[in-house]
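Asker: Could you work out the structure for the sequence below:
(chains A and B)
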Amino acid sequence: MADRRLEGRTALVTGGSRGIGRAITLELAAHGANVVVNYRRDRASAENTAAEAVALGAQCDILAADVSDDGQAARLVELAQRRFGALDVLVCNAGMVLTNLAALQTNADWQRMLDINLLGAVSCIRAALPSMLTSRRGSIVCVSSLAADRGSPGLSSYSAAKGAVNALVRSLAVELGAKGIRVNAVAPGLIETELLADLPQRGGKRHADHIPMVRMGRAEEVAAAVRFLASDDASYITGQILAVDGGLGV
Amino acid sequence: MTVDQQSTIEQDVETKVVAAVARALDLPPEQIELGASLQEDYGAESLDILEIVFALETAFRIRMPKTNLMQHVQERFGEEKFLHQGQLTDFALRVLRELRPEIDPALFTPGLRVHEVARLVTTQTFVRLALRMVEGKAEALEALRASGCTTCGSHDIGESLAAPEFLCNACGAVYPTPSGDDVLIHDIEALKIDD
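Answerer: Residues are numbered from 1 along each chain as shown, chains lettered A, B, ... in the order given. Alright, predicted model coming up:
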């Protein structure tokens, strides 16, 4: 059984019902945190994930919200805080990937990528700050991507949005450090999830052939990194982008 | 409300504001002087000010203004009337003396620039602001009770203990408390300043 070092802490995981978000929810729950799972449309998956979290001994609630809508994001954070009386950990995981050549992406496509991957995190963080600032405690973890630092065909808008997330994380870490709020990101490489199914392959090679560890990552391995950054084990770590990529970005 | 009740509210607000300021600045409350400049005397930075604002919102379940006073005033009276070559006009100084009576009027001197006004903000400024927001919330609740719930018509409306909201006790309808910006704008509109 996992240690309970997040006992008594409350975490909100945006996009926490499926894929990496689901793994993060379960990892935090297994370590004792109360978790609020945000989902956009797929209530059944959110309920399943919450049931698994409860089976791990956690208190868990689900809340529907499209975080790319500032009002919904603010309401989500407010309700999460009310549910458990505080918010100690915010995991900004909700995101989506659009694969298309840059020449074929419209400004509307770009806006959508920025709304979900960047502004969704911005809205949630802004809403969480009153509580974190007044309690002088908080850990914010954004789920970025290796794509933020590597050129990849078809991923221009996604990469740009994630690059902006990394810049946001560094700036916020500097702004908020004195108030006891840490801000970090994890940057997953190639992880076995639904999102990856949309990624283009090059030259017929398997994805794993490009990775020093010669295998894809698992969502649970990303979740472990998020849990580390969220916990007091990372009490002197802020402004960092932790790659979880099997060495792909080295 | 009796004079005694008003005095108790003012004392409560002052105590909580001093506590919030002290905490944000990592100082013991007894070191906080109501009239001292937060920026110049205590080295407060913008994030400290934000922490004070959030702490007061939580303590009183109010919504403090998100746009600063100078922006509201400029929008109301226009930049031309308010600024000349980067300095506040005599008219602007008179407006600020009215809106910030807790600040020594002599500090609103000719030649003052917009960004320098922040240096004049004191703990007493926040006491006054919080009191005004508490008062604005009470006024809004009274008006809402008089007009009745828009959903069910009940006049049994109370204040939420969990958030800056009013709740209809009959049907559960929720009403946000007035925004601090609305209260500020209302006060600016009510000013009577001769040109």
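
Asker: Could you measure from the residue nearest the centre of chain A over to A:V143?
Answerer: With distances taken as C-alpha atoms, centre = their mean, A:N93 lies nearest the centre of chain A, 2.4 Å away. Remark: distance between A:N93 and A:V143 (C-beta to C-beta, to the nearest Å) = 4 Å. In this view, the C-beta of every residue, glycine as well, is placed from N, C-alpha and C.

Asker: Please enumerate the shared neighbours of these two.
Answerer: A:I20, A:G21, A:I24 (C-beta atoms under 8 Å, 6 or more residues apart in numbering or on different chains).

Asker: ok, and the most crowded of those?
Answerer: A:I24 (33 neighbours; other C-beta atoms under 10 Å in any protein chain shown).

Asker: Need the per-residue pLDDT for that one.
Answerer: Looking at A:I24, its pLDDT stands at 98.

Asker: element containing it, please.
Answerer: helix A:19-30 (DSSP states H and E).

Asker: any weak-confidence spans in the chain?
Answerer: Using chain A. A:1, A:194-205 (pLDDT under 70).

Asker: Let me rephrase: I mean chain B.
Answerer: Along chain B, segments meeting pLDDT under 70 span B:1, B:194-195.

Asker: Now the residue in chain B that chain A sits nearest to. Nearest residue, chain neighbours left out?
Answerer: Residue nearest to chain A within chain B: B:F54 (3.9 Å; C-beta to the nearest C-beta). Distances taken as C-beta to C-beta, 6 or more residues apart in numbering or on different chains put A:P130 closest to B:F54, at 3.9 Å, once the chain neighbours are dropped.

Asker: Could you report the neighbour count for the one you found?
Answerer: When neighbours are defined as other C-beta under 10 Å, A:P130 has 20 of them.

Asker: How about A:L146?
Answerer: 21.

Asker: In contact with it, which residues?
Answerer: A:A187, A:P188, A:G189, A:L190, A:A243, A:D245, A:L248, A:G249.

Asker: related to what we said a few turns ago, okay if I get the shared contacts of A:N93 and A:V143 as a markdown table plus distance to A:T10?
Answerer: Supplementary listing: these in a markdown table, determined by distance: C-beta to C-beta, whole Å:
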| residue | distance to A:T10 |
| --- | --- |
| A:I20 | 20 |
| A:G21 | 17 |
| A:I24 | 14 |
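
Asker: So which residues on chain B come close to chain A?
Answerer: B:L47, B:L50, B:E51, B:F54, B:A55, B:E57, B:T58, B:A162, B:A163 (C-beta under 8 Å from any C-beta of the partner chain).

Asker: List buried residues within those residues.
Answerer: B:L47, B:L50, B:E51, B:F54, B:A55, B:E57, B:T58, B:A163 (16 or more other C-beta atoms under 10 Å in any protein chain shown).

Asker: wait, doesn't the third one sit right on B:A24?
Answerer: Yes. B:E51 sits in contact with B:A24 when judged by C-beta atoms under 8 Å, with a separation of 4.2 Å.

Asker: In chain A, where's the longest helix?
Answerer: What stands out as the longest helix in chain A, according to DSSP state H, is helix A:156-176.

Asker: Without its sequence neighbours, what residue ends up closest to B:F60?
Answerer: Using C-beta to C-beta, 6+ apart, the closest residue to B:F60 is B:V134 (5.6 Å).

Asker: got the contact list for the one you found?
Answerer: B:I9, B:V13, B:F60, B:I62.

Asker: Help me confirm that A:A74 is found in a helix?
Answerer: Yes. Looking at A:A74 with DSSP: H, G, I helix; E, B strand; the rest coil, it is inside a helix.

Asker: neighbours of it, just the number please.
Answerer: Counted with other C-beta under 10 Å, A:A74 comes out at 17.

Asker: so it touches A:I125, yeah?
Answerer: No. Counting by C-beta under 8 Å, A:A74 does not reach A:I125; the two are 10.9 Å apart.

Asker: Residue 103: neighbouring residues, count only.
Answerer: Just going to use chain A. Neighbours of A:A103 (other C-beta under 10 Å): 6.

Asker: not quite, I wanted chain B
Answerer: The number of residues packed near B:I103 is 20, by other C-beta under 10 Å.

Asker: any idea how far it lies from B:V18?
Answerer: 17 Å.

Asker: who in chain A is up against chain B?
Answerer: Residues of chain A lying close to chain B (C-beta under 8 Å from any C-beta) are A:E78, A:R82, A:L129, A:P130, A:S131, A:L133, A:T134, A:E175, A:L176, A:A178, A:K179.

Asker: For the second one, list the residues it contacts.
Answerer: Contacts for A:R82 were tallied using C-beta under 8 Å, 6+ apart; they are B:A162, B:A163.

Asker: helix, strand or coil for the residue lying closest to A:A161 once chain neighbours are set aside?
Answerer: Distances taken as C-beta to C-beta, 6+ apart place A:N117 nearest to A:A161, at 3.8 Å, with adjacent residues excluded. In three-state terms, and counting by three-state DSSP, A:N117 is helix.

Asker: Could you do A:E7 as well?
Answerer: A:E7 is classified as coil under three-state DSSP.

Asker: what about A:V141, neighbour count?
Answerer: A count of neighbours around A:V141, defined by other C-beta under 10 Å, yields 27.

Asker: what secondary structure does it sit in?
Answerer: Quick answer, by three-state DSSP: A:V141 is strand.

Asker: pretty sure it is touching A:A230, no?
Answerer: Yes. If you go by C-beta under 8 Å, A:V141 and A:A230 touch, sitting 5.6 Å apart.

Asker: what's the distance between A:R4 and A:L229?
Answerer: Counting by C-beta to C-beta, the gap from A:R4 to A:L229 is 18 Å.

Asker: Next up, the contacts around the residue of chain A found nearest chain B.
Answerer: Nearest to chain B, among the residues of chain A, is A:P130, at 3.9 Å (C-beta to the nearest C-beta). Contact analysis of A:P130 by C-beta under 8 Å, 6+ apart lists B:F54, B:E57, B:T58.

Asker: In a strand, A:A11, correct?
Answerer: Yes. According to three-state DSSP, A:A11 belongs to a strand.

Asker: Which residue ranges of chain B form helices?
Answerer: Assigned by DSSP H, the helices in chain B fall at B:3-25, B:38-42, B:46-60, B:69-77, B:79-82, B:90-99, B:114-117, B:123-147, B:180-189.

Asker: residues making contact with the fourth one?
Answerer: Contact partners of helix B:69-77, identified using C-beta under 8 Å, 6+ apart, comprise B:65, B:82-83, B:91-92, B:95-96, B:99-100, B:114, B:117, B:181, B:184-185, B:188-189.

Asker: So how do I select the buried members of the residues you listed in ChimeraX?
Answerer: Selection of buried members from the contacts of helix B:69-77 for ChimeraX, criterion 16+ other C-beta under 10 Å:
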select /B:65,82,83,92,95,96,99,100,114,117,181,184,185,188
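
Asker: And the residues of chain B next to chain A, which two are furthest apart?
Answerer: B:L47 and B:A162 (26.0 Å; C-beta to C-beta).
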